[in-house]
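In: Predicted model and sequence below, questions to follow.
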Amino acid sequence: DKLLAVFCILTIACMQVAIMNCYWQLNRGDHRWWYKSFWNCASAGAYVLADSIWFLVARLNLDGFFSFVIYLTYASMMSVCFGLYCGAIGVLASF
């Protein structure tokens, strides 16, 4: 229940950010708005990756090189998927 609510709030927030940024870009006469509508929302994936790296450095006590590699691999895949989802929502909301 709570996870679905957070998922819906994330989707609505991405849509609102994309629509407002698209409106501002079109008012400035920027004809390449579709690229920026993707990257404005997809940049949240970079924040998720940065937060994952902070968590790795500050909180986790991993031993061994492969533990770091596995954690960073999964964190990178999660960040890319999160960024692609948010970017796709941004583009679809801007049309």
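Out: Good, I have the coordinates. Numbering: from 1, shown residues only.
In: Please enumerate the helices of this structure.
Out: Ranges of helices in the chain, per DSSP state H, are 2-27, 33-42, 44-58, 65-94.
In: among the ones you listed, which is the most enclosed?
Out: Comparing these by mean neighbour count (mean count of other Cβ atoms under 10 Å), helix 33-42 ranks first with a mean of 19. Where C-beta positions appear, they are placed from N, C-alpha and C, glycine not excepted.
In: what's the angle from that one to helix 65-94?
Out: Counting by axes from the mean of the first three to the mean of the last three Cα atoms, to 10 degrees, helix 33-42 points 130 degrees away from the direction of helix 65-94.
In: Now helix 33-42: average pLDDT?
Out: Mean pLDDT, computed over helix 33-42, is 91.
In: Distance from the chain centre to it, please.
Out: A distance of 11 Å separates the centroid of the chain from that of helix 33-42, by Cα atoms, centre = their mean, to the nearest Å.
In: CA atoms only: put it into PDB for me.
Out: Output in PDB follows, covering the C-alpha atoms of helix 33-42 (Å, rounded to 0.1, in the frame of the first residue of the first chain):
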ATOM      1  CA  TRP A  33      12.500  20.600 -25.500                       C
ATOM      2  CA  TRP A  34      12.100  16.800 -25.800                       C
ATOM      3  CA  TYR A  35      15.700  16.200 -24.900                       C
ATOM      4  CA  LYS A  36      15.500  18.400 -21.900                       C
ATOM      5  CA  SER A  37      12.200  17.000 -20.800                       C
ATOM      6  CA  PHE A  38      13.900  13.600 -20.600                       C
ATOM      7  CA  TRP A  39      17.100  14.800 -18.800                       C
ATOM      8  CA  ASN A  40      15.300  17.100 -16.300                       C
ATOM      9  CA  CYS A  41      13.600  14.100 -14.800                       C
ATOM     10  CA  ALA A  42      16.200  11.400 -15.500                       C
END
